[in-house]
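Asker: This is the structure alone, sequence omitted:
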């Protein structure tokens, strides 16, 4: 699925709805995508905050990116419900030997093909998926952008940036 198809699935969610994105450290196989999609559906159907069901959707984008969206006009996700989603993502990763928590990688378009790359290997002008976004409005407008315009470029350029790359 691409991000435009996901936007269509959540078209009734307000722009201030919250999103969480988790990039896999490799592309998922077709079988893995089917398994993860089933688990995502089960999780989001049962996802709750303070005992109240969340109106949530999830998807696998670009064969490697997990995205969760919670409708901001209904019950909001809380600390405990967000923690449960992180535990869920980590569990899926452990089951499939996939790391969804590596923040040193991004999804980039290279010669019309999506590739997972280390941030330090991205070149100016490359289009990347920016995971620093947190709302549906940002997702619609800023998910895909040139690396030089992204939050990552600012981090790499910063002298205080000390993440191991």
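Answerer: Yes, it's here. All values reported here derive from a predicted model rather than from experimental measurement.
Asker: For residue 130, see how far away the residue nearest to residue 124 when sequence neighbours are not counted is.
Answerer: Nearest non-adjacent residue to residue 124, counting by Cβ to Cβ, 6 or more residues apart in numbering: residue 148, 5.1 Å away. Quick note: C-beta positions are derived from backbone N, CA and C, even for glycine. Distance, residue 148 to residue 130, using Cβ to Cβ, to the nearest Å: 12 Å.
Asker: Show me the residue sitting in the middle of the protein in space.
Answerer: residue 21 (1.8 Å; Cα atoms, centre = their mean).
Asker: and that residue, that one's in a strand?
Answerer: Yes. Using DSSP: H, G, I helix; E, B strand; the rest coil, the assignment for residue 21 is a strand.
Asker: tell me the SS of the closest residue in space to it that isn't next to it in sequence?
Answerer: Nearest residue to residue 21 in three dimensions, chain neighbours excluded: residue 131, at 4.5 Å (Cβ to Cβ, 6+ apart). For residue 131, the assignment made with three-state DSSP gives coil.
Asker: re the thing from before, of residue 148 and residue 130, which one has the most company?
Answerer: Higher neighbour count among residue 148 and residue 130: residue 130, with 22 against 15, using other Cβ atoms under 10 Å.
Asker: which residues does the more buried one contact?
Answerer: 106, 142, 143, 144, 145, 150, 151, 152 (Cβ atoms under 8 Å, 6 or more residues apart in numbering).
Asker: mind running it again at 6 Å?
Answerer: Going by Cβ atoms under 6 Å, 6 or more residues apart in numbering, residue 130 touches 142, 145, 150.
Asker: which of those has the weakest pLDDT?
Answerer: Checking pLDDT across these, the minimum falls on residue 150 at 85.
Asker: Now do that residue against residue 123, distance only.
Answerer: With Cβ to Cβ as the criterion, residue 150 and residue 123 are 13 Å apart.
Asker: And those two? Which one has more around it.
Answerer: Higher neighbour count among residue 150 and residue 123: residue 150, with 24 against 10, using other Cβ under 10 Å.
Asker: In terms of pLDDT, where does the residue lying closest to the more buried one once chain neighbours are set aside sit?
Answerer: Leaving aside its chain neighbours, residue 150 sits nearest to residue 130 (4.7 Å; criterion: Cβ to Cβ, 6+ apart). We have a pLDDT of 90 for residue 130.
Asker: can you give me the helices in this protein?
Answerer: 3-9, 30-46, 79-96, 136-142, 151-157 (DSSP state H).
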